[in-house]
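Student: how would this look folded up:
(2 chains)
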Amino acid sequence: MPTLRVLLRSSLSLLVLITSGLHAQVFEGQQLVRASLISSTKAIVPGQPFDVGLLLEMAPGWHSYWEYSGDAGLPTKINWALPEGFRASPIQWPAPHLMVEPGDIWTYGYGGTVLLITTITPPVGLQQGSMVSLQGRATWLVCKDMCIPGSGEIRLDLPVSSVSTPENTDLFSGFRSQIPSTAKPPFTLDWKRSGTEWKVSIVDLPPGASAEIYPLPQPDQEIGHPVALGSGQFRMETDGPFRGVLAVEKDGARKAWMISSQEPTPARAQTGLWLALFYGFLGGLILNLMPCVLPVISLKVFGFIRQAGEKPAKIFAHGLAFASGIFAWFLGLAVVVIVLKSGGTEVTWAFQFQNPWFNVVIGSVVFAFALNLFGVFEVLLPGQASTALESASSSSGLGGSFFQGVFATLLATPCTAPFLGTALGFAFSQSAGVILAMFAAVAFGMAFPYLLLTARPGWMRFLPRPGAWMERLKQFMGFPLMATLVWILGIVGGQRGTDGIFWFLCFLLCLGLAGWIYGGFCGPLSKPGTRAVAIFLSIMIAGCGGWYFLGQKFADAGTVEADGIAWVPFSKKELSALQAQGKSVFVDFTADWCITCKFNEKTAIDTPAVRALLAEKNVVPMRADWTNANPEITAALKSYGRVGVPFYVIYPSGNSSSPIVLPELLTEAILTDALKKIP
Amino acid sequence: MKPVLLLLGVLLGSAHAQIGTPAPDFTLKSCDGKSISLSVFKGRPVVLEWTSSECPFVAKQYDTGAMQKLQQEALAKGVVWLSICSSAPGKPGYATPAEAVELCAKRGSHATAYLLDGEGSVGKLFGAKRTPEMYVINKEGILAYHGAIDDKKSLDPADVGVPMNYVAAALDDILAGTPVAVPYTEAYGCSIKYAR
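Tutor: Numbering: from 1, shown residues only, chains lettered A, B, ... in the order given. A predicted model of the protein is given here:
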């Protein structure tokens, strides 16, 4: 029995402790690895994939291995034994670290803590409220000076629900961001091959960033270890194409991309860019239809015709000069963006959409711009400024036309800012060349009618007549911005959960109110006193809203145990059973779509004081979730003459005492007072 | 395919012993105190097995009896089997001569000799990085195979009987007088604990 011998030999020194879902690998009294299975969500929603992770916490100096372990070692493995209908993805390995041992031995793995994420896809038909047990066996090898194999049963029990709240968000997002992205890295990789040697340089690595490359050989492929030559250059030997992972670390944040010596065919990237430039051109063209731009077009063109004395060539020359002015303005903007961007570096910006605060800022700006387009408020240039600009550009001649082009674009800012501002936000993630090209395309779109009409003044008759439709168009353009906001909210939801979206929307509500006050009372006709008060009020509302909702509340969303109460799902049977046992019960009739319910739960129910009282008075918290129609809950509500939620009732222990109904607008004080009355 | 692999082995292992070229000669002390040189065995195939007293990958091969069986079959065909330990004294995997004798007895090893390479010079000469890491030298003293013992990169004892054993295959080819079909594979196992 040779296998038995292994076990005996190992068991003298190696002991695997098994506690519910948590394993400690102990060697000669030292704990080497703590392994546990953790979830990214508090509940399973039928049919909706979610992430779980094998968390390996290694003792100092010990490490486990990546999917390609290098010269020695063995990758960690999970053999799942999932319930019927569940599917598990392969392990999504975060970028590893290099470990070099004496004798030129290179291995790839993880020290400290690593989370190996697997996506679980549950089946659609799951019983709400039931518990699901995810089980499997994890095997790993940990090495320091010596190597010790470890393994353990891993297990995670999760309830099935209609909604899920994120859990362990920091841990998951920290490791998820290190899983190599299949997107093109935001750097230029310059590959060169000579014989079996590849050389790659990362051309535009930002200052202060460090790069590493890890190889991922094909099953029968021998890849030499990538050797860093300094300043973003690497050398590796291989017989075929090189495939691997590029990891870049900057300011403590680490991000990774899949790379391959077979560069993606440039044709594809080219068409993508051309399409983007075409959209930029269209966007510029549409800017001409904005209320503060369209009336100007015919005025300007008539002005050129008057100046040029009807000579076609001269008219077109003025048109060209005017168009150059527009280009100068936009290219100037592009240069500002590039300068700002170089301050932050590309990598920093590539990380930004993973930062919830960046999404909050962009989302708020997009929302404010949309309100602006809807006409809730307008941004006007101060009167003196516009007069000064007009006089500066009133000189005649081609120079005058050029400056008119610059200032016409500047004066159109109140209408164009919402689009340009939004485009700017996304432009940050592009390279300098692309930014210049994009802004040039927008400038070309905006200058296009001038060029066309100065070339063919007769076509002026085709110009749409200014009118009320322009206002409608402007308002309509607010909707694409709102769609952008919806998209951003989706990202925020992924990062901070429903709570995060909720608090962010609360802030947007304040922002909207502030914008409305500013728009209503700060027009050019309002008295200075009214203006001052209105501006003060707007700033206060937006500021306090930001402080209150985005401060602690948003910051905590999804990261802390938001619901610390162990709710028992409502059923009449269970309620009667608990009452028969002589227990007090607090029932929370709620639904996810009920804002008051959520507000009460967050401010009055799930608070430390209430949690303490529930425990002290031995009150069973019961939740009647009415998110989806539930006849039993409807009947229970009806018995109290209610047709909706929220509704709160306490059944004190003892048959004689009658149920206590609490008000819909619950406060912590009302609830604690009621709970204190329970014997 | 074969010439490519051969060429690759030559290029990759440029600093070390190269497949298809004469294996470098060396002399090491065995655990019973004898000085043993590779050149003595010219005319017979030689297997070099890098080993360790600690490594679970080595333990998998010995505890399941697979390594001893392979050694026994090889020796029966006139093959020389040298187990080499390149762990530095004091580092994991190192065994003093006395401990090595005990280890070979406990394992039931059939190796011709257990050689101590505490300085790591022979390990580095051959470019060995792992335990187990295998080299097969043909009758003419040419390095004919370098790499893993088998194609099952795992620690599961159940995998030992099943896999393709590259050493057995290389020895069969050498004894049949045909070129070795798979001259290079990537070895897997624990890292050798060199002094530097």
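Student: Residue 49: what's its closest spatial neighbour, skipping adjacent residues?
Tutor: In the absence of a named chain, this looks at chain A. The shortest distance from A:Pro49 to any non-neighbouring residue, by Cβ to Cβ, 6 or more residues apart in numbering or on different chains, is to A:Thr121 (4.4 Å). All C-beta spots, glycine's among them, are computed from the backbone N, C-alpha and C.
Student: should've been chain B
Tutor: Nearest to B:Glu49 is B:Ser83, by Cβ to Cβ, 6+ apart, at 4.9 Å.
Student: For that neighbour, give me its contacts.
Tutor: Residues in contact with B:Ser83 (Cβ atoms under 8 Å, 6 or more residues apart in numbering or on different chains) are B:49, B:51, B:104, B:109, B:111, B:113-115.
Student: if we can go back for a sec, what's the distance between the residue nearest to A:Pro49 and A:Ala43?
Tutor: Relative to A:Ala43, A:Thr121 is positioned 15 Å away (Cβ to Cβ, to the nearest Å).
Student: Of the two, which one has the most company?
Tutor: Neighbour count, other Cβ atoms under 10 Å in any protein chain shown: between A:Thr121 and A:Ala43, A:Ala43 has more, with 18 against 14.
Student: So what does the more buried one have for phi and psi?
Tutor: Here is the backbone geometry of A:Ala43 (degrees, to the nearest 10): phi -150, psi 160.
Student: cool, B:Ile36 as well?
Tutor: The phi/psi pair for B:Ile36 (degrees, to the nearest 10) is phi -120, psi 130.
Student: Just want to check the distance between it and B:Ala128.
Tutor: 17 Å.
Student: Quick check: phi and psi at the residue nearest to the spatial centre of chain A.
Tutor: Central residue of chain A (Cα atoms, centre = their mean): A:Ile491, 3.6 Å from the mean position. The phi/psi pair for A:Ile491 (degrees, to the nearest 10) reads phi -70, psi -40.
Student: Would you pull up how far stretch A:605-623 lies from the middle of the chain?
Tutor: 34 Å (Cα atoms, centre = their mean, to the nearest Å).
Student: Can you give me the buried ones in it?
Tutor: In terms of neighbour count (16 or more other Cβ atoms under 10 Å in any protein chain shown), stretch A:605-623 has its buried residues at A:605-607, A:610, A:613-614, A:617, A:619-623.
Student: out of the residues you listed, which are inside helices?
Tutor: Under the assignment DSSP state H, these contribute A:610, A:613-614 to helices.
Student: The residues you listed also near chain B: which ones?
Tutor: When these are checked against chain B using Cβ under 8 Å from any Cβ of the partner chain, none falls in range.
Student: Let me have the residues you listed in a markdown table, extended by distance to A:Ile148.
Tutor: Shown next, in a markdown table, are these (distance: Cβ to Cβ, whole Å):
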| residue | distance to A:Ile148 |
| --- | --- |
| A:Val610 | 48 |
| A:Leu613 | 49 |
| A:Leu614 | 46 |
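Student: and which of those is nearest to chain B?
Tutor: Taking Cβ to the nearest Cβ as the measure, chain B lies nearest A:Leu614 of these, at 49.2 Å.
Student: quick one: contacts for the residue nearest to B:Cys55 when sequence neighbours are not counted?
Tutor: In this structure, B:Cys55 finds its nearest non-sequential neighbour in B:Cys190, 3.8 Å apart by Cβ to Cβ, 6+ apart. For B:Cys190, the contacting residues are A:72-73, A:143, A:146-147, B:52, B:54-58, B:93, B:130-131, by Cβ under 8 Å, 6+ apart.
Student: okay if I get those as JSON lines plus secondary structure and pLDDT?
Tutor: Shown next, in JSON lines, are the contacts of B:Cys190 (DSSP: H, G, I helix; E, B strand; the rest coil; pLDDT from 0 to 100):
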{"residue": "A:Ala72", "secondary structure": "coil", "pLDDT": "84"}
{"residue": "A:Gly73", "secondary structure": "coil", "pLDDT": "86"}
{"residue": "A:Cys143", "secondary structure": "strand", "pLDDT": "87"}
{"residue": "A:Met146", "secondary structure": "coil", "pLDDT": "79"}
{"residue": "A:Cys147", "secondary structure": "strand", "pLDDT": "83"}
{"residue": "B:Ser52", "secondary structure": "coil", "pLDDT": "92"}
{"residue": "B:Glu54", "secondary structure": "coil", "pLDDT": "85"}
{"residue": "B:Cys55", "secondary structure": "coil", "pLDDT": "90"}
{"residue": "B:Pro56", "secondary structure": "helix", "pLDDT": "89"}
{"residue": "B:Phe57", "secondary structure": "helix", "pLDDT": "91"}
{"residue": "B:Val58", "secondary structure": "helix", "pLDDT": "93"}
{"residue": "B:Gly93", "secondary structure": "coil", "pLDDT": "88"}
{"residue": "B:Arg130", "secondary structure": "strand", "pLDDT": "91"}
{"residue": "B:Thr131", "secondary structure": "strand", "pLDDT": "92"}
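Student: May I ask which of the residues you listed has the most neighbours?
Tutor: Busiest of those [other Cβ under 10 Å] is B:Thr131, holding 31 neighbours.
Student: Would you mind confirming that that residue is in contact with B:Ser52?
Tutor: Yes: using Cβ atoms under 8 Å, B:Thr131 makes contact with B:Ser52 at a distance of 4.1 Å.
Student: what do the two both touch?
Tutor: Residues touching both B:Thr131 and B:Ser52 (Cβ under 8 Å, 6+ apart): B:58, B:93, B:190, B:192.
Student: one step back: between B:Ile36 and B:Ala128, tell me which one has more neighbours.
Tutor: Higher neighbour count among B:Ile36 and B:Ala128: B:Ala128, with 28 against 17, using other Cβ under 10 Å.
Student: hang on, the more buried one in a helix?
Tutor: No: counting by DSSP: H, G, I helix; E, B strand; the rest coil, B:Ala128 falls outside a helix, being coil.
Student: Tell me the one of the shared contacts of B:Thr131 and B:Ser52 nearest chain A?
Tutor: B:Cys190 (4.6 Å).
Student: and the gap between that closest one and B:Leu125?
Tutor: From B:Cys190 to B:Leu125 the distance is 20 Å (Cβ to Cβ).
Student: chain center to stretch A:33-47, what's the gap?
Tutor: 21 Å.
Student: Is the residue lying closest to A:Glu84 once chain neighbours are set aside in a helix, a strand, or coil?
Tutor: Excluding its sequence neighbours, the residue lying closest to A:Glu84 (Cβ to Cβ, 6+ apart) is A:Pro123, at 7.5 Å. Secondary structure state of A:Pro123, per three-state DSSP, is coil.
Student: quick one: A:Pro123 and A:Trp80, what's the gap?
Tutor: For A:Pro123, the distance to A:Trp80 - Cβ to Cβ - is 15 Å.
Student: Who has more neighbours out of these two?
Tutor: Legend: neighbour count by other Cβ under 10 Å for A:Pro123 and A:Trp80, higher for A:Trp80 (16 against 13).
Student: Just the ones of the buried residues of stretch A:605-623 in strands?
Tutor: A:619-623 (DSSP state E).
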